[in-house]
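[1] Give the three-dimensional model of this entry:
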Amino acid sequence: MDPTEVDSRARDLIDVLGLAEAGRTLVVDYSAGMKKKIGLACALLHAPRLLVLDEPFEAVDPVAAALIRDILHRYVQSGGTVVFSSHVMEVVGKLCTHVAILSDGAIKAVVHAGRSARGT
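    As a prediction, the model looks like this:
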């Protein structure tokens, strides 16, 4: 990507994720929630078509979780795909169109568009 575009996108993501006030803070000093948001900003910087996220809502406050949900929703609406892991089924139920339940390294169930199919 053009460096000017990278700078512009980085500024936009920092603003959208509410990280501007922490601009002079070292990432090592960020809270767990702030680290999640900066990780999301880094993942989105180059406008990938697929995001793979590990527990994106873990250790974030409700306001940050709502912001992340909104950003991911807009990302999907613009044609992107998000794959994420979560132990919180309420979050999964609200956000996902496809769900796979894993246990002991095996898929135990798959849900798509409200229909369930049991795995073995």
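
[2] hey, let's count contacts and neighbours off CA atoms from now on
    Noted.

[3] Got the phi and psi for Leu26?
    For Leu26, the backbone dihedrals (degrees, to the nearest 10) come out as phi -70, psi 140.

[4] Need the pLDDT of it.
    Leu26 is assigned 82 on the pLDDT scale.

[5] What is the neighbour count of it?
    By the measure other C-alpha atoms under 10 Å, the count of residues near Leu26 is 8.

[6] Ok, Pro48 next?
    11.

[7] what are the ranges of the strands in this structure?
    Listed in chain order, the strands found in the chain under DSSP state E are 50-54, 81-85, 98-103, 106-112, 115-118.

[8] I'd like to check what contacts the lengthiest helix in the chain. Which residues are they?
    Longest helix in the chain by number of residues, with DSSP state H as the criterion: helix 62-77. Helix 62-77 is contacted by residues 17, 33, 37, 57, 81-82, 95 when judged by C-alpha atoms under 8 Å, 6 or more residues apart in numbering.

[9] got it, and stretch 80-93?
    48-56, 72, 75-76, 99.

[10] can you pull the pLDDT of the nearest residue to Gly33 once chain neighbours are set aside?
    Spatial nearest neighbour of Gly33, excluding adjacent residues (C-alpha to C-alpha, 6 or more residues apart in numbering): Val60 at 4.3 Å. Looking at Val60, its pLDDT reads 88.

[11] so what's Val60 up against?
    32-34, 36.

[12] Which one of the strands of the chain lies nearest to Val6?
    Across these, Val6 has its closest neighbour in strand 50-54 (18.0 Å, C-alpha to C-alpha).

[13] can you redo the contacts of Val60 as a markdown table with neighbour count?
    Converted to a markdown table, these look like this (neighbours: other C-alpha atoms under 10 Å):
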| residue | neighbour count |
| --- | --- |
| Ala32 | 14 |
| Gly33 | 17 |
| Met34 | 20 |
| Lys36 | 23 |
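
[14] and which of the residues you listed is nearest Gly23?
    The shortest gap between Gly23 and any of those belongs to Met34, at 11.5 Å (C-alpha to C-alpha).

[15] And the closest one, how far from Tyr75?
    To Tyr75, Met34 is 20 Å away according to C-alpha to C-alpha, to the nearest Å.
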